[in-house]
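>>> Predicted model and sequence follow; I will ask about them next.
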Amino acid sequence: MGRLPLAVGEPEPARLLLSLEGVAKEFPGVKALQGVSFDLRAGEVHAVCGENGAGKSTLMKIISGVYQRDAGEIVYKGQTVHFTSTLQSEAAGIAIIHQELNLVPHLSVAENIYLAREPRRGFLIDRRKLFADAKRCLDRLGVDIDPHAQVRTLSVAQCQMVEIAKALSLDASVLIMDEPTSSLTEQEAQLLFRVIRDLKAAGTGIVYISHRLDEMAEIVDRVTILRDGRYISTDDFSAITVDTIVARMVGRPLEEKFPAPTRQPTRDVLFSVSGLTRHGVFSDISFEIRRGEILGFAGLMGAGRTEVARAIFGADPFDAGTITLDGRTLSISDPRSAIEAGIAYLSEDRKGQGLAVKMPVDANLMMANMEAVASGAGVIDRERHRAASQRYVDLLSIKTPSLGQPVRLLSGGNQQKIIIGKWLFREPKIMFFDEPTRGIDVGAKFAIYQIMDELAARGIGIVLISSELPEILGLSDRVAVFHEGRITATLSTRETSQEDIMLYASGRSRHGE
Amino acid sequence: MADITSGKPQEPIQSRQTPPGRGLSDRQKDIIQKFAALGSLVILAAVFATTSSAFLTVNNGMTIALQVTSIALLGIGATYVIITGGIDLSVGSVLALAGVVAALAVRDLGTPIWLGMLIGILTGSACGLINAFVITRLKLPPFIATLGMMLIARGVALQITGARAVSGLGEAFGVLGNGSLFRIESIDDQGFPVVSFPGIPYPVVLMIVIAIAAGFLLNRTVLGRHIYAIGSNADAARLSGVNVTRVTAFTYLVSGTLAGLTGCVLMSRLVTAQPNEGVAYELDAIASAVIGGTSLIGGVGTISGTFIGAFVIGILRNGLNMNGVSAFIQQIIIGLVILVTVWIDQIRNRR
């Protein structure tokens, strides 16, 4: 633990920006951090890895002054610091890009970027300078976002870009990025990496937290691993493999990233969509799902994958097209009719659209099928309610102290399992998984993959919408590639590659042929 | 489906996911909170019992219960609406309109009293349905929709009565508000009636029955669960197949209907229908729900909490009255009680 941050006499030592030694933090009943050490040099990207609950976010909040440490030492630019708010740390040059988006929806992009730091002329905001500065920040990122646009009109990915622009505008010497790419497409992530390289060259130190270990090779210099609030190791990224990182994160070796498929896809068409169109959003979408298969939806953010799934589920309207399940044409007008027909949709926005986070585990599990545990008059049979909830908790290995635990206190992986359980209780025929592993740690991801495979094996048609191509390739049997509201190709996963999919996803498919 | 993962290692990786328990589950906290509210109610009663000898008597108990009925009935409606994340500002006006309509029906149309009262209650239901329509179909914010109804219902009540009280309703009109169950009376030697037990006033019986029914509906039925689900996350509820429009509408219907009933009870007690009755009662109703732990953000609240909240307000008013505290000071004290209870509630829930 008592690792020297920098060996004495190392040739041309990079300037040390920040160093933490023996930092500890305890919340009532939880030791969130114990004896954690970490340091950051100017011009490096230092990744912090660990499962959910390992203490990464707590550590970042201590660095930025959201929490105060109980023990240990933090030295920033040669001085011991005790930040008590993010205002102080920001003023000192430490900026943090939060995992949750912290934007004000009804203000413009520019106003958000300079919130509470607006350029002024006397008492008035200097609007010309405000928008010009914001434009410069966005240009530096290379994103095409209008600084005058209201934030509520932006997509999640665009909001993420605005967050990043906001942090850049601080000209910070330490930049903390907490899952910056979790809602970005490959292409947008590449934009971000380019900016990160520029920042590195300019001497900024970057703390980088991400669950996407594969992408780290592109930018990360060193990696520190935390587990259960404890410091495990720090290595040069070039001297360590992703497998070793994962093994250290979970505490034992990880055999496989994806489960070996147990399903056996048939040629038997279970579900088909043809000519589905919503003017201006997507057009002429046709695909079919065969019994026992997982169909991937690949494409860039905004290509229309989620929109198509939502339309099929009745959450959004569509203008034309037919949907057929088991040879029967469905008429879907709202989510209820879709659910009754046997369709389930697991939203990409778990907390916003999937769960009632204030309500307990059992209430969430039963939410889509209360009638099944109630009498004809609508009186809940508490014993059946309890037994059914318990069955899905056991079935899906949901880790919760009790059925009465509010869902907001569970981890992302367990929350996702609760949503899966909610739908399984309806015995659906088709399930749309929209970004099912976003923000979920490695171990829980594997469990979710395994569940999806077994559901397919049991004859449920599965659609996997994912922005992570390895996930699509690792899990699906066939993949429909979306580009600007159309399906540009439907490929057999075994016969395709990440490059192929990217080609179709970017609409350049015709060239090489 | 039950054997979906049987015989397989469900999770090959031991991931530590659940944050360690923080000692108390929310259900336990809920119980503690209720005892805390109940405890303060007992303390309040104990203090008033020592300062005024007339406070802790059966008679005064019934008086308090009677005074509390209107707050509690309106509070139940408010609880339903607030759990969905809405608000109903119109109940004070709606109760006046309902009472006035009932009285006019009896006096001018000559309907039987039960029918007149039913018409009054249904007037309240109609107002609730209009609120529901404006909120769920025209998509106006509940605050605005019910603010409009508050003005409209009051205006109609004043217009159809010419702003005058409707009296001359006959003694039978007062039975609902003034009669009681299990009243024990005897005639003494001199021929004077002696009341050995004042009985349980009908309004109190009504309040208890409705509170139990409302609590049952909220806790033990699918509809009740859906009310909580909408308040906790309306999008998730809709995407889970909950009929958000219909369930939301139901809560405003309940609120309006209970306002109609409260109007009839109040007017019956006075045996006169006042178009100016019930001004600002919506605030008492909301206050009782809030003191009882209902969250204005939605998703949280109980009927038992609201019931206790209504009694806190009722006992404070009654006890302060008996101790000769002026109405103005009473307002100040009740205002402080609201602030302090909600503040304590927030501290308890902060993590």
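On my side now, so go ahead.
>>> separation between the residue nearest in space to the middle of chain B and residue B:293?
Compute the mean C-alpha point of chain B, and by Cα atoms, centre = their mean the closest residue is residue B:75, 1.7 Å away. Look at residue B:75 and residue B:293: by Cβ to Cβ, to the nearest Å, they are 12 Å apart. The C-beta positions use only the backbone N, C-alpha and C, and glycine is treated the same way.
>>> again with residue A:408
If you go by Cβ to Cβ, the gap between residue A:408 and residue B:293 works out to 18 Å.
>>> more crowded one of the two?
It is residue B:293, of residue A:408 and residue B:293, that has more neighbours when counted by other Cβ atoms under 10 Å in any protein chain shown, with 25 against 15.
>>> right, and that one touches residue B:299 too?
No - here residue B:293 does not reach residue B:299: they are 11.9 Å apart, not a contact under Cβ atoms under 8 Å.
>>> Compute the number of surrounding residues for residue A:216.
Burial measure for residue A:216: 18 neighbouring residues, criterion other Cβ under 10 Å.
>>> Now it. Nearest residue, chain neighbours left out?
Spatially, and ignoring its direct neighbours in sequence, residue A:216 is nearest to residue A:47 (5.5 Å; Cβ to Cβ, 6 or more residues apart in numbering or on different chains).
>>> got the phi/psi numbers for residue 280?
Reading this off chain A. With angles defined as degrees, to the nearest 10, residue A:280 shows backbone torsions of phi 80, psi -10.
>>> Pull the contacting residues for whatever residue of the stretch 151-300 of chain B ends up closest to chain A.
Using Cβ to the nearest Cβ, the single residue of the stretch 151-300 of chain B nearest to chain A is residue B:232, 3.5 Å away. Listed by Cβ atoms under 8 Å, 6 or more residues apart in numbering or on different chains, the contact set of residue B:232 reads A:356-359, B:298-299.
>>> Recalculate using a threshold of 6 Å.
With contact set as Cβ atoms under 6 Å, 6 or more residues apart in numbering or on different chains, residue B:232 has these partners: A:356, A:358-359, B:299.
>>> From those, list the buried ones, please.
The neighbour count (16 or more other Cβ atoms under 10 Å in any protein chain shown) marks A:356, A:358-359, B:299 as buried among those.
>>> so of those residues, which ones are in helices?
By the criterion of DSSP state H, membership of those in helices covers no residue at all.
>>> now, which of those sits nearest residue A:87?
For the buried ones among the contacts of residue B:232, the residue nearest residue A:87 by Cβ to Cβ is residue A:358; the value is 30.1 Å.
>>> if I've got this straight, residue A:21 is in a strand?
Yes - checked against DSSP: H, G, I helix; E, B strand; the rest coil, residue A:21 lies within a strand.
>>> Check whether the host helix or strand of residue A:443 comes into contact with chain B.
Assigning secondary structure by DSSP states H and E places residue A:443 in helix A:442-457. Yes - using Cβ under 6 Å from any Cβ of the partner chain, helix A:442-457 reaches chain B at A:443-444, A:447, A:454.
>>> and after that helix, which helix or strand comes next?
If you walk from helix A:442-457 toward the C-terminus, the next helix or strand you reach (DSSP H and E) is strand A:461-465.
>>> Name the residues of the helix holding residue A:443 that are buried.
With the criterion 16+ other Cβ under 10 Å, helix A:442-457 contains buried residues A:442-456.
>>> same deal with stretch A:73-92?
Under the neighbour-count rule (16+ other Cβ under 10 Å), stretch A:73-92 has A:74-76, A:81, A:83, A:86, A:89-90, A:92 buried.
>>> Pull the contacting residues for residue B:234.
For residue B:234, the contacting residues are residue B:244, taking Cβ under 6 Å, 6+ apart as the criterion.
>>> what does chain A put close to chain B?
A:29-30, A:51, A:53, A:250, A:335-336, A:339, A:353-356, A:358-359, A:367-368, A:370, A:374, A:378-380, A:395, A:397, A:399, A:401, A:404, A:406, A:411, A:413-414, A:443-444, A:447, A:454.
>>> What subset of those residues is buried?
Burial by neighbour count, judged by 16+ other Cβ under 10 Å, picks out A:30, A:51, A:53, A:250, A:335-336, A:339, A:353-356, A:358-359, A:367-368, A:370, A:374, A:378, A:380, A:395, A:397, A:399, A:404, A:406, A:411, A:413-414, A:443-444, A:447, A:454 from these.
>>> Under the pLDDT cut-off, which ranges of the stretch 151-300 of chain B? List them.
Regions of the stretch 151-300 of chain B meeting the criterion pLDDT under 70 are absent.
>>> mind listing the helices for it?
Shown for the stretch 151-300 of chain B, the helices assigned by DSSP state H, counting those that start in this stretch span residues B:175-178, B:202-220, B:222-232, B:234-239, B:244-270, B:281-291.
>>> where exactly do the helices run in the stretch 251-400 of chain A?
Counting by DSSP H, counting those that start in this stretch, one finds helices in the stretch 251-400 of chain A at the ranges A:305-312, A:335-341, A:361-366, A:382-395.
>>> In terms of secondary structure, what does the third one contact?
With contacts taken as 3 or more Cβ pairs under 6 Å, 6 or more residues apart in numbering or on different chains; DSSP states H and E, helix A:361-366 sits against helix A:382-395, helix A:412-424.
>>> And the residue of the stretch 51-200 of chain B that's closest to chain A?
Checking the stretch 51-200 of chain B residue by residue against chain A with Cβ to the nearest Cβ singles out residue B:83 as nearest, at 10.9 Å.
>>> got the contact list for that residue?
Each residue near residue B:83 by Cβ under 6 Å, 6+ apart is listed here: B:227, B:231, B:301.
>>> Report pLDDT for the residue lying farthest from the centre of chain A.
With distances taken as Cα atoms, centre = their mean, the residue sitting farthest from the centre of chain A turns out to be residue A:122, at 42.2 Å. Model confidence at residue A:122, given as pLDDT, is 85.
>>> Quick check: residue A:469 vs residue A:212, distance?
Distance of residue A:469 to residue A:212, computed by Cβ to Cβ: 11 Å.
>>> Name the residue in the two with the higher neighbour count.
In terms of neighbours (other Cβ under 10 Å), residue A:469 is the more surrounded of residue A:469 and residue A:212; the figures are 20 against 13.
>>> which residue packs closest to the more buried one, ignoring adjacent ones?
Spatial nearest neighbour of residue A:469, chain neighbours left out: residue A:498 (4.8 Å); criterion: Cβ to Cβ, 6+ apart.
>>> Kindly report the same for residue A:490.
Spatially, and ignoring its direct neighbours in sequence, residue A:490 is nearest to residue A:480 (4.8 Å; Cβ to Cβ, 6+ apart).
>>> any idea which element the one you found lies in?
Under the criterion DSSP H and E, the helix or strand holding residue A:480 is strand A:478-483.
>>> What ranges does the stretch 51-200 of chain A have for its helices?
Counting by DSSP H, counting those that start in this stretch, the segments of the stretch 51-200 of chain A that form helices are A:56-63, A:86-92, A:109-113, A:127-141, A:156-169, A:186-201.
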